[in-house]
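Chemist: Return a 3D structure for these sequence lines:
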Amino acid sequence: MKKSNLTQNKQSSKNPIVNSSQKKISSFFSNNSELSVKNKDVILVEITNNSPSEDVIKKRKRCDDVDFEPGSKVKSICISDIDKSLKNNTVSTISDSNLIKIIDLTKENAACKEHCEMLLESKSATSKTEIIEKKETVAKNCHNIEEMDDNSSIKDIVNNKNHDKQKPLCTKTENTFNTINEWDMIKEGDFDEMFDCDWNIDSQINLDSFQRCDVISKEKEPKSMILKIQHAYQKTFATITCLGFWKDLQIEEGDVVMIQAKKESQNWIIDNNNGFIITQPDALISSTTVVGGLFCNRRAVLIDKFGKIESLPHLMSSQPALTIGRIVHTMIQKCLTENIYKLPDIMKLAETELQTRDAMDMLYKSQTSLETCKKEIFSYVPRISEFIKHYVHDTKQEIIGNIKDNFKGKISEVCDIEENIWLPELGVKGKIDITVEVKINSRKKIMPLEVKTGKTSFSIEHRGQVILYIMMMALVGQDTDSGLLLYLRDNSMREITCSHAEKRDLILLRNTLADYFTKTKNIVLSSNLEDVSKTMPLPEPINHHNACIKCPYNTLCCAYLMKDDNVKLSDSHPLVALSQQILSKFETNHIDYVTKWVCFLQVEQSIQSEEYTMRDVWSLTPEKREIKGTCICNLKVIGKVTEQYDRYEHIFVKANGQAISTESICTEFSENEYIIISTNTRINISSGFVINVKKDAIIVLLDRDITKRNINSSFHVDKYSSTSFLSIVFAYIGGLLSDDDVCKRLRSIVIDRKPATFLAKLPRSTICTAAAMLQHLNEDQQRAILKCLAANEYVLIKGMPGTGKTETIVTLIEVLFKLGCSVIVTSHTNSAVDNILVKLLAKNLDFIRLGSPFMINSLLRCKSEEYLTSKCKSLEELESVYSNKNIVGVTCFGAHHVLFGKKKFDVCIVDESTQVMQPAILGPLYNAHKFILVGDPNQLPPVIKSKTARNLGAAESLFERLDSHNNTVNLTLQYRMNKNITDLANNLTYNGELKAGSKSVENATFISQDTSIPLSDEKWIQAALSPNLEDSVIILDTGCTQDMSINFDHKKENLTTDTVYSNIWEAALILRLLKTLFQMGISSEQIGIMAAYKAQVTLLKGLIGTKIEVNTVDQYQGRDKAIILYSCARSVKKKFDKVQDSGILEDQRRLTVAITRAKHKLIVIADKDTIIQYTPFKKLFSIVQEKNIINLHNGSNNLNWKPIIQLLEENIC
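Modeler: Have a look, this model is predicted:
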């Protein structure tokens, strides 16, 4: 498509008013007025001496290194260091034998000098110098320089292929000599220094193709930007001159970029006509997002962040066109792949597609009747038939042939459907509707085919999407230089070609969006909310009243505008009046609350993006990823690929026949883990879930059969780490600024903290119905349930450890069900939701569990959404399943399900609500008239990775925000811990509120089959495993273990504590205690092992295996064991800065969870001198009696390390 056409089309669009400050893509909106910089001539001169002189060994002086600047003289020259070679009369190969040779150094320099003077004088009028290219002889008198071809190859950045790393010997040709005097100075005394330049020949990067580089420095000039870069994987360097539009790129020192450039006169140039720079290349932006920014960058950024807001049930709107489009896409894809072209067959396929589960879900969500949808879809049936006949079977259809500018070729093969491409070279990703091989005249080539079902427009957005696909396919090795854009409604299909200007402008747009998407990456620790609010920038708004007033994101756009001091709009700008109109519906503190949480989420997203980044998949080799435990590499598929539930089961084994299972892989990969599959040449060719990890195989369910197109490929399975769950949280908090009754009610409670109100008296019928079901509960539990029944808006239940909050919740649900109320059961994790639903299953209460069947408890599969709807053959049957379920289980992150758009529930119960961040809990609360929060603010808080966000209050749960005497009912009678452990919890955290539920609980101790402890001569074991009630809490003080090492006789290397967060000595003590416990007849089910850090958990799992549950404190919340062993791991010789620590041991709530998991015995293993530096542990040591703190320093209490080390060695082997 010609540039003039693009401009003309845009100008004819409706109301093309653009604010002057809004940067637009040049080839789409205006002519390029900037001329590319002319080539600057450079003289390359290499001079040699006959023999070394005194001047050669003088103190070296650094030559001025002046960057190339358009229109200026070139000032100096640097040549790579050949000091050693200068000591001889001849200089042999520099660096590599295939590089430039300098030979025959016996000639006089006078002739060369004379020739240089002549050249410089001849060009003095124009200030230009001649270009002397490779293989050219400088002059007749300079025949002593011999240049050989550059045969060096380029490393494939993404796949880390090993290539020949030889580089051509190049000089820093931005600079040459201004005068002969400068030349004389260097020749006479400082010739050595020429070869000491940082940017020498051997260190140059070849930028003919995309290379991943780090920006070392940036220098801005009026008409250019000079970048000095280093290759990301090699110690090679280059200087880039960025001209035209590229000079205004947002790049900082330390940034990672992908660069392709053109070499002109020995200079790497990127200008309007040559080269590309991709900023933030690890942020893969979807092609639809990029082209979505062509009209309004601001909206594109808002969609990326708040895009799921339109899926919120209270904001859900009918979208029949989207539903019809998706079904038609599926139809034409199947028709092409299965060669279905006859009208009756396509009609039959349409009927079949309308009965699929996906189609019914879309119809249910879009609130579109089956008849309406069927009528629209059937109208496309003839068009599909005509298209296939004309373009596939070469049976020409007159109606298609007569369309002006329609594609004249033929589709000879369908290569792929929904081909997924991740391309860090361009920083984009996308799924191509159909990948086809076409025949144009006698030429065959691969092309992307983009299908549109709407009105024919050939808009810049649609063409831009095809151009991105062309670029992507070309970079993954396809012979692709054009694509096809089809409007199926009338079968208009054109071949889309692209110029460099169009490619450039799409990349510039992508870079602009990437800059806004990653704004928080450099945020520093701050205690000032105003500083954090600077992470909220958006592109300036467009000047388009009609578009802004209809935009679904205008409320958020205006809220951002209200907080952005950098954007100053004129009074006549339509958004000024619109902003006042929209925001007048909300209180200022409501807007402040939402924008504050958006800031928190953005900072948190930035931190999590660094932790869960996928860049390792393209920046590290598969072998290195496997060492990290995030990949199982070099696999092949064995056996037949079988289809299950529209997914494909693959069995992978190591291609070399080795075992798969290792300690690191076993701990990192688990059932239901979401993974991606890559090859040596392509990233993420498919994705799915792990079914099982065996010693010799890993079995996964994928979204496609990968063996069809990758017959001889080697596959790599990578963990898919993503922060995509935060996208729904952004939608939840953004949705709070909606002008409806649901959000108005929630704002008054969540933001204004409106106190809960209650009925003065419950109806007699309610009490009669509930009475029988409440009899088995204690008074606290009964009072809590009655309070819930009387609540009008909400109520909080504070369930302290062991107080039976789960039993209270289950009974409450049972009562509500009997009263005819509908209930949402939710929490922040699948396991927490399933824990309640499993108990409901035992009571024969009917419910539906929403969510992926791979992520829920296997006992609940019969109640899963997939199972209950699998037999639905019509929309009516699907609606019946959803509408007849009065109890629904779902996580907070799945509470935007389509079911909630059709049905408002009476009550929402949130378990472990103190672990849910405030915006995340809003999702389920939108869907109910009343909510009940259950939790304990003295236990684990929401997980917030960002210290900045945490310090500013992001770790405050909604439970904590609303907790008050009026709003909260307490559960204090506990049935878990004996008296001593309860006393410890009360003194540490609960201020005496916890009480034993019975005498039997209060006095309980662990029971062993052998009352005489084996190896009784070891006093520390006797004391640690004493079954006496007064010895229920024991601390083993190991002393400092930082410098201790273990020397195994049969091993060459010593095993030491390799990190500050794991401790082999504490692990060894745990092994010794376990051996004795087993000898005492204690079963493994009675024992639980906790560690403060994941590193220690990994170490312990490697030693102990799966016979005993080993986990972090976080994973143990809600669980208990008769005996708990808790390893603190940290041990250092000196005092340390706790700010630099992760904060885990400084968190009293985490320690509270740890000690309250034990029913009868708690053993804490720690280095007292280290651990006591943490405030919670200092308090712990002050509470525990001195006799229960067992000193193990230097063999105290008969500690003998030799048998302990032997036991450790046996477990390692």
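
Chemist: how about the strands in the stretch 451-600 of the chain?
Modeler: Ranges of strands within the stretch 451-600 of the chain are 482-487, 492-497, based on DSSP state E, counting those that start in this stretch.

Chemist: buried ones in the last one?
Modeler: What that stands for is strand 492-497. 492-496 (16 or more other C-beta atoms under 10 Å). C-beta: built from backbone N, CA, C; applies to glycine.

Chemist: same deal with the first one?
Modeler: Across strand 482-487, burial judged by 16+ other C-beta under 10 Å covers 482-487.

Chemist: ok, now stretch 1075-1085?
Modeler: Neighbour-count burial for stretch 1075-1085 [16+ other C-beta under 10 Å]: 1075-1077, 1080, 1082.

Chemist: and which of these is nearest Ile797?
Modeler: Ile1082 (34.5 Å; C-beta to C-beta).

Chemist: Pull the contacting residues for the closest one.
Modeler: 1006, 1008, 1122-1123 (C-beta atoms under 8 Å, 6 or more residues apart in numbering).

Chemist: and Asn634, which of the strands of the stretch 451-600 of the chain is closest to it?
Modeler: Nearest to Asn634, of the strands of the stretch 451-600 of the chain and by C-beta to C-beta, is strand 482-487 at 34.1 Å.

Chemist: quick one: contacts of the closest one?
Modeler: Outside strand 482-487, the residues that touch it by C-beta under 8 Å, 6+ apart are 387, 407, 436, 438, 445, 447-458, 462-463, 466-467, 469-470, 492-498.

Chemist: Ok, stretch 1034-1041 next?
Modeler: Contacts for stretch 1034-1041 (C-beta under 8 Å, 6+ apart): 1020, 1023-1024, 1026, 1057, 1063, 1065-1066, 1069, 1131-1133, 1161-1170, 1180-1181, 1184, 1188-1194.

Chemist: go on, stretch 774-793?
Modeler: 745, 749, 754, 756-759, 762, 766, 770, 795, 797, 803-804, 807-808, 811-812, 815-816, 819, 907, 930-932, 969-973, 997.

Chemist: circling back: can you list the buried residues of strand 482-487 in CSV and add distance to Thr723 and pLDDT?
Modeler: Formatted as CSV, those follow (distance: C-beta to C-beta, whole Å; pLDDT from 0 to 100):
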residue, distance to Thr723, pLDDT
Ser482, 36, 97
Gly483, 32, 98
Leu484, 35, 98
Leu485, 33, 98
Leu486, 35, 98
Tyr487, 36, 98
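
Chemist: between the residues you listed, which is nearest Asp1147?
Modeler: Distances from Asp1147 to the buried residues of strand 482-487, taken by C-beta to C-beta, are shortest for Gly483, at 54.3 Å.

Chemist: what's the spacing between the closest one and Thr337?
Modeler: Applying C-beta to C-beta, to the nearest Å, the value for Gly483 to Thr337 is 19 Å.

Chemist: which residues of the stretch 551-700 of the chain fall in helices?
Modeler: 554-563, 574-583, 588-611, 616-619, 622-628, 663-668 (DSSP state H, counting those that start in this stretch).

Chemist: May I have the secondary structure class of Asn970?
Modeler: strand (DSSP: H, G, I helix; E, B strand; the rest coil).

Chemist: what sits against the residue lying closest to it once chain neighbours are set aside?
Modeler: What sits nearest to Asn970 in space, not counting adjacent residues and going by C-beta to C-beta, 6 or more residues apart in numbering, is Lys798, at 4.8 Å. Shown in contact with Lys798 (C-beta under 8 Å, 6+ apart): 935-937, 963, 968-971.

Chemist: one more time with 7 Å, if that's ok
Modeler: By C-beta atoms under 7 Å, 6 or more residues apart in numbering, the contact list for Lys798 reads 936, 968, 970-971.

Chemist: how much space between the residue nearest the centre of the chain and Cys557?
Modeler: For the chain, the residue nearest the mean C-alpha position is Ser722 (3.3 Å; C-alpha atoms, centre = their mean). Distance, Ser722 to Cys557, by C-beta to C-beta: 26 Å.

Chemist: picking that back up, put together a markdown table for the buried residues of stretch 1075-1085, with distance to Leu312, secondary structure and pLDDT on each row.
Modeler: Converted to a markdown table, the buried residues of stretch 1075-1085 look like this (distance: C-beta to C-beta, whole Å; DSSP: H, G, I helix; E, B strand; the rest coil; pLDDT from 0 to 100):
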| residue | distance to Leu312 | secondary structure | pLDDT |
| --- | --- | --- | --- |
| Lys1075 | 55 | helix | 92 |
| Thr1076 | 56 | helix | 92 |
| Leu1077 | 52 | helix | 94 |
| Met1080 | 56 | coil | 91 |
| Ile1082 | 51 | coil | 94 |
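
Chemist: Quick check: the farthest pair among those?
Modeler: Checking those with C-beta to C-beta, the most distant pair is Lys1075 and Ile1082, at 10.9 Å.

Chemist: one step back: the buried residues of stretch 1075-1085 into a markdown table, with extra columns for distance to Ile675?
Modeler: Output for the buried residues of stretch 1075-1085, formatted as a markdown table (distance: C-beta to C-beta, whole Å):
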| residue | distance to Ile675 |
| --- | --- |
| Lys1075 | 37 |
| Thr1076 | 41 |
| Leu1077 | 37 |
| Met1080 | 42 |
| Ile1082 | 38 |
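
Chemist: ok, these vs Asp345, which is closest?
Modeler: Nearest member of these to Asp345, counting by C-beta to C-beta, is Ile1082, at 68.2 Å.

Chemist: Look up phi and psi at the closest one.
Modeler: With angles defined as degrees, to the nearest 10, Ile1082 sits at phi -80, psi 130.

Chemist: circling back to that earlier point, helix or strand for the residue nearest to Asn970, which one?
Modeler: strand 794-799 (DSSP states H and E).

Chemist: List the neighbouring strands of that strand plus their orientation.
Modeler: strand 928-935 (parallel), strand 968-971 (parallel) (DSSP bridges).

Chemist: can I get those in TSV with distance to Trp618, mean neighbour count and mean pLDDT?
Modeler: Listed next are the strands paired with strand 794-799 as TSV, based on distance: least, C-beta to C-beta, whole Å; neighbours: other C-beta atoms under 10 Å; pLDDT from 0 to 100:
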stretch	distance to Trp618	mean neighbour count	mean pLDDT
strand 928-935	41	23	98
strand 968-971	50	20	98
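
Chemist: How far off centre is stretch 460-472?
Modeler: Centroid displacement of stretch 460-472 relative to its chain, using C-alpha atoms, centre = their mean, to the nearest Å, is 25 Å.

Chemist: Quick check: buried residues in that stretch?
Modeler: In stretch 460-472, counting by 16+ other C-beta under 10 Å, buried: 460-472.

Chemist: Strands of the stretch 651-800 of the chain, residue ranges please.
Modeler: Using DSSP E, counting those that start in this stretch, strands in the stretch 651-800 of the chain cover 674-678, 686-693, 698-702, 715-719, 794-799.

Chemist: same check, this time on the stretch 251-400 of the chain
Modeler: So, for the stretch 251-400 of the chain - with DSSP E, counting those that start in this stretch - the strands run 256-260, 262-264, 267-270, 276-279, 285-286.

Chemist: could you give the mean pLDDT of the shortest one?
Modeler: So that's strand 285-286. Average pLDDT, strand 285-286: 96.

Chemist: How about residues contacting that strand?
Modeler: Here strand 285-286 has contacts from 427-430, 510, 513-514, 517, using C-beta under 7 Å, 6+ apart.
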